[in-house]
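Peer 1: Can you look at this prediction? I've put the sequence above it.
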Amino acid sequence: MSTELIKTRAIYSGTGRRKCSVAQVRLVPGSGNLIINGIPGESYLQFSPNYLRVSYAPLQVLGLLNQYDIHVNARGGGLTGQADAIRLGVARALCSINPENRNALKSEGYLTRDPRVKERKKYGLKKARKAPQFSKR
């Protein structure tokens with residue numbers, strides 16, 4: 001019976017939220033690939049440079065851009081909310097790698113959850129704040 005050498009790779013995880021979006025992020029040592037829901041990140045985020053820049057921002061700040069692969073399970077909301085949720089999840093995962101990363105990420109604002117969510121519609125109104133058109137007669 002042969003013994004196989006199993007290499008254990010460190011996997012760091014973090015959860016990010018924004019609006020209705022939730023992103024469960026896993027950082028694996030690799031070459032800088034972004035995989036979202038099993039699809040390459042560029043095509044999932046519709047090749048938008050803004051969404052890609054936001055998603056990679058915490059790695060860019062620490063200079064770790066090509067050292068970790070990002071595997072994401074994202075659900076809910078739209079692409080903007082998911083991209084921001086990915087950013088928060090990556091930042092939290094980087095803090096679990098090395099606690100010294102926290103200061104650099106905190107000063108950039110990447111560890112703060114954006115609390116803004118859609119306001120609910122009120123009865124008697126057309127939307128959350130838009131009133132029906134006033135008619136004098």
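Peer 2: Looks like it came in fine. Residues are numbered from 1 along each chain as shown.
Peer 1: Which parts of the chain are helices?
Peer 2: Using DSSP state H, the helices of the chain run over residues 41-44, 49-62, 79-97, 101-108.
Peer 1: Might you report the residue contacts of the residue nearest the centre of the chain?
Peer 2: Nearest to the mean C-alpha position of the chain, by CA atoms, centre = their mean, lies residue 86 at 0.9 Å. Going by CB atoms under 8 Å, 6 or more residues apart in numbering, residue 86 touches 16, 23, 25, 36, 54, 55, 70, 72, 74. For the C-beta atoms, the positions are set from N, CA and C on the backbone; glycine is no exception.
Peer 1: Distance of it relative to residue 105?
Peer 2: Residue 86 sits 14 Å away from residue 105, going by CB to CB, to the nearest Å.
Peer 1: Please apply the same query to residue 42.
Peer 2: Distance, residue 42 to residue 105, by CB to CB: 24 Å.
Peer 1: Also residue 96?
Peer 2: Noted for residue 96: a distance of 12 Å to residue 105, by CB to CB.
Peer 1: which of the two has more neighbours?
Peer 2: Counted by other CB atoms under 10 Å, residue 96 and residue 105 do not tie: residue 105 has more neighbours, with 21 against 14.
Peer 1: The more buried one and residue 94 touch, don't they?
Peer 2: Yes - proximity of residue 105 to residue 94 meets the contact threshold set by CB atoms under 8 Å, at 6.5 Å.
Peer 1: Perfect, I'm done here.
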